[in-house]
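K.L.:
give me a model of this one.
(8 chains, ligands or ions: 10)
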Amino acid sequence: MMSGNGEKTVRFAGFGGQGIVKSGEIFGAAAIRDGKRALQNQAYGSSARGGLCTSDVTVSDGQIYDIEPDRFDILMILSQDSCDAFLHDVKPGGILIVEEDLVQLPEDFQGTVHAIPATRIATQDLGRRIVTNMVVLGFLGAISGLVHRKSLEQTIVENVPPGTDILNLEAFAEGWKRGAG
Amino acid sequence: MMSGNGEKTVRFAGFGGQGIVKSGEIFGAAAIRDGKRALQNQAYGSSARGGLCTSDVTVSDGQIYDIEPDRFDILMILSQDSCDAFLHDVKPGGILIVEEDLVQLPEDFQGTVHAIPATRIATQDLGRRIVTNMVVLGFLGAISGLVHRKSLEQTIVENVPPGTDILNLEAFAEGWKRGAG
Amino acid sequence: MRHFQVHVDPELCDGCAVCIFFCKPAVFRLSPELSRRGVFPAVPEEPEACTGCTLCELGCPQLAIAVNEGGSEGGAS
Amino acid sequence: MRHFQVHVDPELCDGCAVCIFFCKPAVFRLSPELSRRGVFPAVPEEPEACTGCTLCELGCPQLAIAVNEGGSEGGAS
Amino acid sequence: MSVREQYLSRYAGRTEFVMGDEAAALGAVFSGCSFFGGYPITPASEIAEVMARELPKVGGFYVQFEDEIASISGIIGAAWSGARSMTATSGPGFSLMQEAVGYAVMTETPCVVVDVQRSGPSTGQATKPAQGDIMQARWGTHGDHEIIAVCPWSVQECFDLVRDSFALSEKYRTPVIVLMDGAVGHIREPLTFPHYTDADIATRPRAKEGDLVFGGTKVPPMAQIGDRLNVHITGSTHKPNGMRDVSTKEVHEELVLRLNDKITSAREELTRLDVRQMDGARVAVVSLGATARPALGAVEKARDAGHPAGFIRLVNIWPFPGPAITELLADVDLVLVPEMNLGQLSRELERFTRCPVHCLSKIGGVVHTVEEIHTALMEQIS
Amino acid sequence: MSVREQYLSRYAGRTEFVMGDEAAALGAVFSGCSFFGGYPITPASEIAEVMARELPKVGGFYVQFEDEIASISGIIGAAWSGARSMTATSGPGFSLMQEAVGYAVMTETPCVVVDVQRSGPSTGQATKPAQGDIMQARWGTHGDHEIIAVCPWSVQECFDLVRDSFALSEKYRTPVIVLMDGAVGHIREPLTFPHYTDADIATRPRAKEGDLVFGGTKVPPMAQIGDRLNVHITGSTHKPNGMRDVSTKEVHEELVLRLNDKITSAREELTRLDVRQMDGARVAVVSLGATARPALGAVEKARDAGHPAGFIRLVNIWPFPGPAITELLADVDLVLVPEMNLGQLSRELERFTRCPVHCLSKIGGVVHTVEEIHTALMEQIS
Amino acid sequence: MRATLTDNIPAPGQNPLRRYVRPGILPTIFCTGCGGGTVLNCFCKAVDELGYDPHEMVMVTGIGCSSWIPSPYFLADTLHTTHGRAIAFATGVRVMSPKMKVVVIAGDGDISGIGGNHLIHAARRNVDLTVLMVNNSIYGMTGGQVAPTTPPGVRTTTTPHGNVETQFDVASLVSAAGASYVARWTTWHVLDLVRSFKEALEHTGFSFVEVIGQCTTSYGKAVGKRNAADFLADYKDRSVRLSKAKKMSEEELEDKIVVGRLKKREAPEFCQRLYQQVEQVSSAALAEEGK
Amino acid sequence: MRATLTDNIPAPGQNPLRRYVRPGILPTIFCTGCGGGTVLNCFCKAVDELGYDPHEMVMVTGIGCSSWIPSPYFLADTLHTTHGRAIAFATGVRVMSPKMKVVVIAGDGDISGIGGNHLIHAARRNVDLTVLMVNNSIYGMTGGQVAPTTPPGVRTTTTPHGNVETQFDVASLVSAAGASYVARWTTWHVLDLVRSFKEALEHTGFSFVEVIGQCTTSYGKAVGKRNAADFLADYKDRSVRLSKAKKMSEEELEDKIVVGRLKKREAPEFCQRLYQQVEQVSSAALAEEGK
Ligand SMILES: Cc1ncc(C[n+]2csc(CCOP(=O)(O)OP(=O)(O)O)c2C)c(N)n1
Ligand SMILES: Cc1ncc(C[n+]2csc(CCOP(=O)(O)OP(=O)(O)O)c2C)c(N)n1
Ligand code: SF4
Ligand code: SF4
Ligand code: SF4
Ligand code: SF4
Ligand code: SF4
Ligand code: SF4
Ligand SMILES: [Mg+2]
Ligand SMILES: [Mg+2]
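P.N.:
Ligands and ions are numbered 1, 2, ... in the order given. Below you'll find the predicted structure:
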């Protein structure tokens, strides 16, 4: 539907604390920077705590009507709970990305999956778990080709605390590398 | 209107602290004791303080429809303010009673007036200003003949603080005497 | 000795007797006459006894009292 | 010397390291392995050092720890 | 005989000349109210005062709280401890209670809230009566909900409807609003006390082990604190077993739809209309509370003179007895609605009749007179 | 250039990807809001957070109060000291604010109250959006009153309508409710900042010596604290000069009728409808807030396929733009009303159209999809 | 409604403080002997002695008889608010009216009952307000219901069998909450009241004066006191000045009213800090723009 | 939802206190290292050591993360109320459930912010409630806004330029309001917490324990603490026991956390007095009938 506008829906799903919301925010803002339209939305249980958390971004060349899309062109699954809840919301032919250390896909699952140990990369390679979402963003950016790398990088710099931009860009680059590789 | 039921409306009007509400309450309850129907209502500005205060009683042999009558068969005026406000609400042929020390009728006023220095009687003759309303009640009872003396007396006894019934009945009797005299 | 005029505004006084309580030299008494407002107002019966302490003036809940130094001795308003 | 078994329930532990802070004899360390819950859980690496003070048991926000006296020495759950 | 019954038996059959407020309070005492949370406000204070005086005589508890929010919170807590509980207030306090009213709806807590309406908005005319909170009683708290509300028109009915409100609140496990008006609350009339025993106390369906306390049936049985059932009570969206689930659409839907449905599906049963002179009536006077008194006077007067006037009084206002009224008004040409507000009853009425609804609004704290309504009625008839 | 203007000029013309909540806050900063009273609550907290961050930059004051009652009280006080003031909350807080909303109405205090609606009743689904407070915004406080309320449907409109709300609140001297929903409040979209100067700040009619501050004209000029006019402000019934008179029917009548009239008589001016595709439409989809987004999508889709669907969005909900809607719906066969509640908009709509109103209600915290509305629409069309 | 002080000059023989009272509005409608009038009187005196221009004062009140002391009587801007919320309104006023003296006068029920939360939080913030709480131990206006300040045992209309609650020591509570000026006096202490009002008005920060005053009607009925003199005699009798009280035991102090200035200290004031911060942030923002 | 203690026996190797936790509900959903879990743990321990039957306890909570400590976790009757009102609800429960232990657990914002009025009035009445206030210096659940307990200067989401307010000393406030048992500890003091919870539960009257605990997420962000250990180290560092604190000057105590049992005294309890009065009045009424 509305696909005449090249509309794409992306969901980041995981638990609170994984930087899910921020990822969507950066992705959407980067799309804007590319001259597209974008709408980002999120859902979580309790405000501050763990538990299921999603961040959805719709990117389009035309007007965006759906505020809460329920099927996704790209689905990033970063926790087992979100896998159980959303695995089947990826559109046929869509892209599925999973955090390989945290998600066990059902045995009978059919379809292409892009897997990345984002948490491990952030924690062990980069020494800061907090940049997990940047690894994911880079991975997604490379795989999806939806948004220009430059736009994503510029948006990241604007959105992270001063002084942490280098670390975040490193994480992003690492993710991109894995996605492109 | 509704006069087929022998309906009579009575207003006590004065200021807070004169026992206006209690007078109406006793008068209504006494009418009930006589086997009539009765409805009592009151109005005042602020809850506890001085200022205009009224207590209306409707006594009838039939059903009472008007909760807030606006014309009165009997009007008791116990302060100048209430005189200014209500003097003309007495029905033609109705009874007008005034506290003679506190009320100055307009010069051009036409009509019968029953006057009594109730406060003075209570304060000076009986030594307790608080029984002013009993003097008034007695006066009204005698003049109006609406309710039996016995019923009023019994109701007074039930409605005054224990130990004060004799004083109150005395005041009532004094008022009655003046009204009957 | 200083002299004071003690005025009570009969339009305002409601006979609460607070002034009587405050006044050591017992300047005031309540009038035996019911006023039109239905009260027995205070009257400064012995103004010459006034010491000018102003307690009555400050304590009067109706701001009905004025105590002024000097002037004529018969200070009743 | 008394011996204690120290159990950590890996279903509950979320790797907060509170037990590590409480434990004077340094019984715990965090596992380097990410659990399925996405955390690095605590493991009682040197249970034999445990003095049975129960501070870890009481302090653990997930009620994930049990410290029992006696029994086998390898107390890891 | 219990203390209560002995107390009751003393009054049974007696007639006393009391205020509407007093009657409402005595109605509560008679109906087994065991906890009252009070906070003074004109013109409802007398209810608190009578409760404070009488409740202890039958072993009940009066607690005056620090504010209205605490009062209603306290009675909800008391209800979960098994009390039939009540509070009473007027507009400003009722506004403050709105959050907790929603909580009582959501947690299905039986309790009775009396609003003795005074002239608003805001502090308005604090000592003057009005009927301006009709819509607030329905819509005052946030979110979709249904409410039960009744409107007494006499001192006797203040007593009777408080009793009924306790029964309804227990039966439907929901707060019930007694929408009095300052006029009915502050008039004195004869009140005749009924013969009640402890058996007349409304009881609630009570949960047993294994029962669902917040679902499963339209009105689930209630567990009480101390029942050893680990009851979990929350104003958050919850499953039929009471446990929170604030993320699942279906759980919320099921809960909220049931809460609404248990009231709306009982609309017919809850409908209580006082219908007089409607045979052949061409103009119907529809009213409630104090206003219905002069309204009836006006209708009787018109009928006495041979005019086709009819009278409908809403004893319950919420859930709105719409279908019944539609039927009653089927053959009527015009509806006259005297009310002490700017047209709240008539507004709702319009939704249920095709004939013109003429609102005879009166604000400023004065009750309509028979004469006024009669005049308006005759204007419409001719 | 003032600090404010310099701040504004930095943003002017820029586009940022921000939340609806953030846009509402920035709209306030741009519109000259100088005082914000905050208390955190999901999903409105971000408004407070942005105000706390940005307001001081333009010399304004953020005060976080101890509760919502204090927040709204504080902004009313600030308004009388000359501030354009605002608070923001969600259902539970909005319920608590009801008494003070009535006070603001009665004292004719300009101020803006944002309610970012979440799924109720009670605590409900705290993090999920809803449109369940529509009727509460109209009827939540006690006593007869009228209110102005607007409903943004996009991030940009959150900004724009907050600006308009300040203007309306000053123009009509009345509180204005910005009824956002959690969906619009929490989505991010591009927001383009306008070019404002200090001249764009809404100003209020200001009283001079001798002016009546509470009567005389429909919207009397406002006196401010410190104007040396001995202004007397009270929520009790008062005369045109502000002095209390709680006993005189006529004084109350005049006051309350004027307060209502100043809003209702401006209904036409306050009416703001977003009307699309209504030419030749047989089925109209009427909606507001977030729901209007998929509603428009569904209508466009139907039109693309040649079906006679039309779209009406209520930008303002109160005073209800009834007459304008009646006109728009004159030739329509059916109205479809998707809304995130159990039928509050459709209920009001029914009063203004003869054609059947079909409510496509959705509760449980999920926004309708285009698909859902389209399906319902096609069912109705066929 | 404008009446400037210059055109509101009392006639000779009238109390000169009547220039601070709205013209034509006396006598007050308080009951005979009500302490509220005395508070009004002493407050006018304090303002007069300080030489304040009432047009630079704003009176904020709640709901209750005591809230009528400034409203309508005191001739200044007056914000008569809702029950219990005066201090919250006043905080908004105070922040936005930096040049005005903001004074709250209301009753014990209003300020320490329903309004308790606003009281303690404003005290905590040390907002520059002058709060005069008239403590008549009762909900006066509504006809004499028990208040948080009613002593145990007293039979009010809602404690007809005797009050089972303990009364607040509001002054101590406010002090613990953070107020920087706290005093307590009774209507018997008229000269002290004037001095204390002056101190409170001059103090920067949250200043609180508890005035124990008679409600002759409602509280009088509850405790069997028939007029103002009964109350004043009682206050006179039971009052103990702080200096003396400090030397007395808890038992000796039982049933006594400790009067005096209970607390005064300099502490950072809320608005000052807020203004300072806003000043800093806005200049920083300006500097930022300049770059 | 019934689960009796007998059928809720933890497996060997599981913490035995899990018998006090609703079955199948752990792990808690608190953020990693949140102090709330420690409070739950210590509370279960206190109940266990006292040998209480949880079915004779009712937990009343407000809204906030800390309110989730008993609800849903503690296996007893649970009344999860509205924001700030838990103590008011609990008062109704306590009066009508004379045989139950009524325990309120909620956050600093809930109890001392929006709920401050109910707190001080219940303390004044000395209602027999056990109130555990978890003070994490922040509105945690809503994402880290300033609370009345946030120290000056801290940059929270609503004080991004630094907090200009003064924080409450809630324990002192409650004490001044009339509470008869008051204590303060931190989540570092687990053994003291257990003892204090036991004392509070056993005390008849209003007992209040302030538990200073870490909000690792929201407050952690505000003060730059990254995990629970950062907080615990700080608590350990700054805590001073009451006995020692008494010997320290105000300056020395600056920034310190005074822990210990701050108050315990016997005082007439509200419900007891209420029950007694009702008993008297109803027997008198009965006797009256007998005549
Ligand atoms: C929200 C609300 N609740 C209750 C009332 C009723 N009310 C008016 S005045 C008052 C109490 C006044 O007591 P206090 O503050 O002690 O003042 P006093 O009359 O004793 O001087 C109350 C409860 C109200 N106006 N608003
Ligand atoms: C009436 C109302 N206002 C605001 C809220 C939003 N709210 C939910 S939790 C909370 C604060 C929680 O803070 P605290 O009590 O300190 O608990 P914590 O989460 O820090 O443990 C707030 C303001 C609400 N639910 N209800
Ligand atoms: S104090 Fe004032 S009002 Fe009272 S009696 Fe004396 S003069 Fe009159
Ligand atoms: S000034 Fe003093 S002495 Fe003079 S009349 Fe007044 S109280 Fe008495
Ligand atoms: S304290 Fe408990 S939850 Fe935390 S790391 Fe240790 S075992 Fe795990
Ligand atoms: S019981 Fe004490 S010593 Fe043993 S592991 Fe726990 S903290 Fe360490
Ligand atoms: S009721 Fe009491 S407080 Fe109110 S005016 Fe009368 S005496 Fe004063
Ligand atoms: S937000 Fe803070 S208080 Fe809430 S669960 Fe997380 S750490 Fe605990
Ligand atoms: Mg009082
Ligand atoms: Mg907190």
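
K.L.:
for residue E:343, what are its contacts?
P.N.:
Neighbouring residues of residue E:343 by C-beta atoms under 8 Å, 6 or more residues apart in numbering or on different chains: E:337, E:359, E:361. Every C-beta, even on glycine, is put in place using the N, C-alpha and C of the backbone.

K.L.:
out of the residues you listed, name the ones that lie in strands.
P.N.:
E:337, E:359, E:361 (DSSP state E).

K.L.:
can I get these in a markdown table with distance to residue C:25 and neighbour count?
P.N.:
Output for the ones in strands among the contacts of residue E:343, formatted as a markdown table (distance: C-beta to C-beta, whole Å; neighbours: other C-beta atoms under 10 Å in any protein chain shown):
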| residue | distance to residue C:25 | neighbour count |
| --- | --- | --- |
| E:337 | 68 | 25 |
| E:359 | 67 | 19 |
| E:361 | 62 | 19 |
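
K.L.:
please, where are all the strands along the chain?
P.N.:
Just going to use chain A. A:8-15, A:37-44, A:52-60, A:72-77, A:90-99, A:114-116.

K.L.:
think we crossed wires, I meant chain G
P.N.:
Under DSSP E, chain G gives strands at G:57-61, G:77-80, G:101-107, G:130-135, G:181-186, G:207-212, G:239-241, G:257-264.

K.L.:
now those strands in TSV, please, with extra columns for mean neighbour count, mean pLDDT and distance to residue E:34.
P.N.:
Output for the strands of chain G, formatted as TSV (neighbours: other C-beta atoms under 10 Å in any protein chain shown; pLDDT from 0 to 100; distance: least, C-beta to C-beta, whole Å):
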stretch	mean neighbour count	mean pLDDT	distance to residue E:34
strand G:57-61	28	98	38
strand G:77-80	28	98	39
strand G:101-107	29	98	31
strand G:130-135	28	98	33
strand G:181-186	26	98	39
strand G:207-212	28	98	37
strand G:239-241	17	98	43
strand G:257-264	19	98	38
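
K.L.:
out of the strands of chain A, which is closest to residue H:276?
P.N.:
Nearest to residue H:276 among the strands of chain A is strand A:37-44; the distance by C-beta to C-beta comes to 50.5 Å.

K.L.:
run through the residues that contact residue 44.
P.N.:
Defaulting to chain A. A:16, A:21, A:51, A:52, A:53, A:54, F:127.

K.L.:
I was after chain E.
P.N.:
Contacts of residue E:44 (C-beta under 8 Å, 6+ apart): E:21, E:88, E:89, E:90, E:93, E:114, E:115, E:116, E:185.

K.L.:
hey, what's the residue most central in space within chain G bridged with?
P.N.:
Note on chain G: the residue nearest the mean C-alpha position is residue G:132, at 1.0 Å, using C-alpha atoms, centre = their mean. Beta-bridge pairing of residue G:132 under DSSP bridges involves residue G:105, residue G:209.

K.L.:
so where's chain E uncertain?
P.N.:
Applying pLDDT under 70 to chain E flags no residue at all.

K.L.:
with chain A instead?
P.N.:
For chain A, the stretches with pLDDT under 70 are A:1-4, A:46-50.

K.L.:
dump the residue contacts of residue A:18.
P.N.:
A:53, A:78, A:79, A:132, A:133, D:38.

K.L.:
between those residues, which sits nearest residue D:26?
P.N.:
residue D:38 (25.2 Å).

K.L.:
how far away is that closest one from residue A:18?
P.N.:
8 Å (C-beta to C-beta, to the nearest Å).

K.L.:
in chain E, spot the strand with the most residues.
P.N.:
Chain E, longest strand under DSSP E: strand E:111-119.

K.L.:
partner strands of that strand, with direction?
P.N.:
In the sheet, strand E:111-119 lines up with strand E:85-89 (parallel), strand E:125-129 (antiparallel), strand E:175-181 (parallel) (DSSP bridges).

K.L.:
distance between the next helix or strand after the second one and the chain's centre?
P.N.:
Meaning strand E:125-129. Following strand E:125-129 in sequence order, the next helix or strand is helix E:134-139 (DSSP states H and E). Taking the mean of its C-alpha atoms, helix E:134-139 sits 11 Å from the chain's own mean (C-alpha atoms, centre = their mean, to the nearest Å).

K.L.:
now do helix E:134-139: which elements does it pack against?
P.N.:
helix E:91-96, strand E:175-181, strand E:316-318, helix E:344-350, helix F:134-139 (3 or more C-beta pairs under 8 Å, 6 or more residues apart in numbering or on different chains; DSSP states H and E).

K.L.:
now the strands for chain C?
P.N.:
Counting by DSSP E, the strands of chain C are C:4-8, C:28-30, C:42-44, C:65-69.

K.L.:
out of these, which is closest to ligand 6?
P.N.:
strand C:65-69 (77.2 Å; C-beta to the nearest ligand atom).

K.L.:
output the contacting helices and strands for that closest one.
P.N.:
strand C:4-8, helix C:55-59.

K.L.:
quick one: contacts of the last one?
P.N.:
Helix C:55-59 is touched from outside by C:6, C:18-19, C:21-23, C:27-28, C:65-67, G:15, G:38, G:41-42, G:45, G:187, G:190-191, G:194, with contacts defined as C-beta under 8 Å, 6+ apart.

K.L.:
how many other residues sit next to the nearest residue to residue E:245 once chain neighbours are set aside?
P.N.:
Leaving aside its chain neighbours, residue E:245 sits nearest to residue E:251 (4.5 Å; criterion: C-beta to C-beta, 6 or more residues apart in numbering or on different chains). Counted with other C-beta atoms under 10 Å in any protein chain shown, the neighbours of residue E:251 add up to 20.

K.L.:
quick check: residue E:251 touching residue E:237?
P.N.:
Yes: if you go by C-beta atoms under 8 Å, residue E:251 and residue E:237 touch, sitting 5.9 Å apart.

K.L.:
what residues are shared contacts of these two?
P.N.:
In contact with both residue E:251 and residue E:237: residue E:245, using C-beta under 8 Å, 6+ apart.

K.L.:
re earlier: residue E:247 is nearest to which of the helices and strands packed on helix E:134-139?
P.N.:
helix F:134-139 (23.8 Å).

K.L.:
quick check: what element follows the closest one along the chain?
P.N.:
Defined by DSSP H and E, the subsequent element after helix F:134-139 is strand F:148-150.

K.L.:
how about the helices of chain A, start to end?
P.N.:
With helices called from DSSP state H, chain A shows them at A:20-33, A:80-86, A:118-120, A:132-144, A:149-159, A:165-180.

K.L.:
what helices and strands are in contact with the shortest one?
P.N.:
Counting contacts by 3+ C-beta pairs under 8 Å, 6+ apart, helix A:118-120 is packed against helix A:132-144.

K.L.:
and the helix it packs on, what does it pack onto?
P.N.:
Using 3+ C-beta pairs under 8 Å, 6+ apart, helix A:132-144 sits against strand A:8-15, helix A:20-33, strand A:72-77, strand A:90-99, strand A:114-116, helix A:118-120, helix A:149-159, helix A:165-180.

K.L.:
done for today, thanks.
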